[in-house]
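Student: Predicted model, plus sequence, below.
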Amino acid sequence: KDAKDAKEAVEGAGDEEAVRQLRTLRWGLVPSWAKDLSIGNRMINARMETVHEKASYRRPFAKRRCLLPADGYFEWYTIQEQGDEEPADPAAKEKKGKKKPQKQPFFIRPKDGGVMAMAGLYELWKNPETGEWLWTCTVITTNAPDDLGRIHDRMPMIVERDRWDAWLDPALNDPDQVRELLVPAMAGTMDAFPVSKAVNNVRNNGPELIKPAANGDSSGNHSDALF
């Protein structure tokens, strides 16, 4: 019954026409059959290569797709220490292995300054205790092009503007046809620059988080940009 209610809540009852909506969603998709919210913590990303096959994503991929607007996204780059040779002494080698690598956050955004439309899936989950419906989502990811791959090998899948209508079309439910809408990002379309490590604290929220960090906001004499 809950699964049927969820379907009607999303698709509308009877012959009502589907209407596009702008909503605030909880990040971390919670399938309608989940017993509690905790599963959403493991479902913030869905891989483009397998999203149509996974049990948790298969139905939303066919029927509940959304666009997640963003100015850009943050990614962490592991800094390679210059002149850091492998120590010969076993004890020193073990100590080095326990040392946490230095990481630098980067902000990645479209070069044209436009808004990214990230490919997303959404789902409805009914809280068994309160009876309230919760809207949750996940972001589809793809391989990053070479210029971004030096920071991280994955990135959000971006839906091009001329494919928005098809991506949001509830009548398009053939997985093979939907997959054709997912085109990996082309190299040279995004900017990436280091920002403050303040982004690592969820309590921080403001325009200063996407301002370029003058010195990469990292220790040592590292370059303030990769490209």
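Tutor: Received, thanks. Residues are numbered from 1 along each chain as shown.

Student: I believe Y57 is in a helix; please confirm or correct that.
Tutor: Yes. Assessed by DSSP: H, G, I helix; E, B strand; the rest coil, Y57 belongs to a helix.

Student: C-terminal to the helix or strand of the chain with the lowest mean pLDDT, what's the next element?
Tutor: One helix or strand of the chain scores below all others by mean pLDDT, DSSP states H and E: helix 2-11, with a mean of 50. The helix or strand immediately downstream of helix 2-11 is strand 26-27, counting by DSSP states H and E.

Student: so how far is that following strand from its chain's centroid?
Tutor: Its chain's average C-alpha position is 11 Å from that of strand 26-27, according to Cα atoms, centre = their mean, to the nearest Å.

Student: Stretch 108-126 now?
Tutor: Computed by Cα atoms, centre = their mean, the chain-centroid distance of stretch 108-126 equals 8 Å.

Student: and if you look at stretch 120-139?
Tutor: Mean-position distance between stretch 120-139 and its chain equals 18 Å (Cα atoms, centre = their mean).

Student: May I see the buried residues of that stretch?
Tutor: Neighbour-count burial for stretch 120-139 flags 120-126, 135-139 (criterion: 16 or more other Cβ atoms under 10 Å). In short, each C-beta sits where N, CA and C put it, glycine included.

Student: among those residues, which are in strands?
Tutor: Members of the buried residues of stretch 120-139 lying in strands (criterion: DSSP state E): 120-126, 135-139.

Student: now for those, which pair is the farthest apart?
Tutor: Greatest spatial distance among those (Cβ to Cβ): K126 and V139, at 23.0 Å.
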